[in-house]
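Q: Okay, here's the prediction I keep looking at, along with the sequence it came from:
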Amino acid sequence: MNIRFAQKSDVKSILSFIQALAEYEKLSHEVIASEPLLCDSLFSDNPDAEVIILEVEDSDETEPKAVGFALFFHNYSTFLAQKGIYLEDLFVLPEYRGKGYGKALLTQLARIAKERDCGRLEWSVLDWNTPAIEFYQSLGAEFMNGWTVNRLTGKTLNNLAND
């Protein structure tokens, strides 16, 4: 197993992971990401987010196979007066789950957070995703009861911006 920062040559794999995650979450209809959009947002001079890729040696392949990814970016806590890392997406291919790869990705993110002097590593999970919730709880994740995610996107974002 190897975890490394993604490179521009990984865009096809990243998009494939995003599409597979969206299908799992029953949100495929919301995916508009494309290879060009990902190249612009992840590999520009000032990237919007970062990706780490988990690879394993596969006996059927000559090269290591990408089997999971985590996409993250920095956020900021006013209470801590310190930056943090927000994990937008973590995904491991279904046939590779249960092998510790998800934990390895989160462990690497925790290391990155500590190296960068971040005060938090946080993420959201769908309330119906029991396997993910149980996995996160097994790692000691604190669920933020009483907090509800809010979102403006598309038309509602445009409407507010135009007020």
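A: Structure's in. What do you need?
Q: Break down this protein into its helices, ranges please.
A: For the chain, applying DSSP state H gives helices covering 11-24, 35-42, 101-115, 130-138, 154-161.
Q: Reformat those helices as a markdown table; add mean neighbour count, distance to Ser59 and mean pLDDT.
A: For the C-beta atoms, the positions are set from N, CA and C on the backbone; glycine is no exception. Listed next are these as a markdown table, based on neighbours: other CB atoms under 10 Å; distance: least, CB to CB, whole Å; pLDDT from 0 to 100:
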| stretch | mean neighbour count | distance to Ser59 | mean pLDDT |
| --- | --- | --- | --- |
| helix 11-24 | 17 | 19 | 96 |
| helix 35-42 | 14 | 29 | 97 |
| helix 101-115 | 16 | 17 | 96 |
| helix 130-138 | 13 | 27 | 89 |
| helix 154-161 | 9 | 45 | 90 |
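Q: Take these and lay them out in JSON lines including distance to Asp48.
A: Converted to JSON lines, these look like this (distance: least, CB to CB, whole Å):
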{"stretch": "helix 11-24", "distance to Asp48": "13"}
{"stretch": "helix 35-42", "distance to Asp48": "4"}
{"stretch": "helix 101-115", "distance to Asp48": "16"}
{"stretch": "helix 130-138", "distance to Asp48": "24"}
{"stretch": "helix 154-161", "distance to Asp48": "16"}
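Q: so the residue nearest the centre of the chain bridges to which residues?
A: Geometric centre of the chain, nearest residue: Asp89, 2.3 Å, by CA atoms, centre = their mean. Note on Asp89: beta-bridge partners Leu71, judged by DSSP bridges.
Q: show me what contacts it?
A: Each residue near Asp89 by CB atoms under 8 Å, 6 or more residues apart in numbering is listed here: Phe17, Ile18, Leu21, Phe69, Ala70, Leu71.
Q: Over to Asn158?
A: With CB under 8 Å, 6+ apart as the criterion, no residue contacts Asn158.
Q: Once you drop chain neighbours, what's closest to Phe43?
A: Spatial nearest neighbour of Phe43, excluding adjacent residues (CB to CB, 6 or more residues apart in numbering): Lys8 at 4.6 Å.
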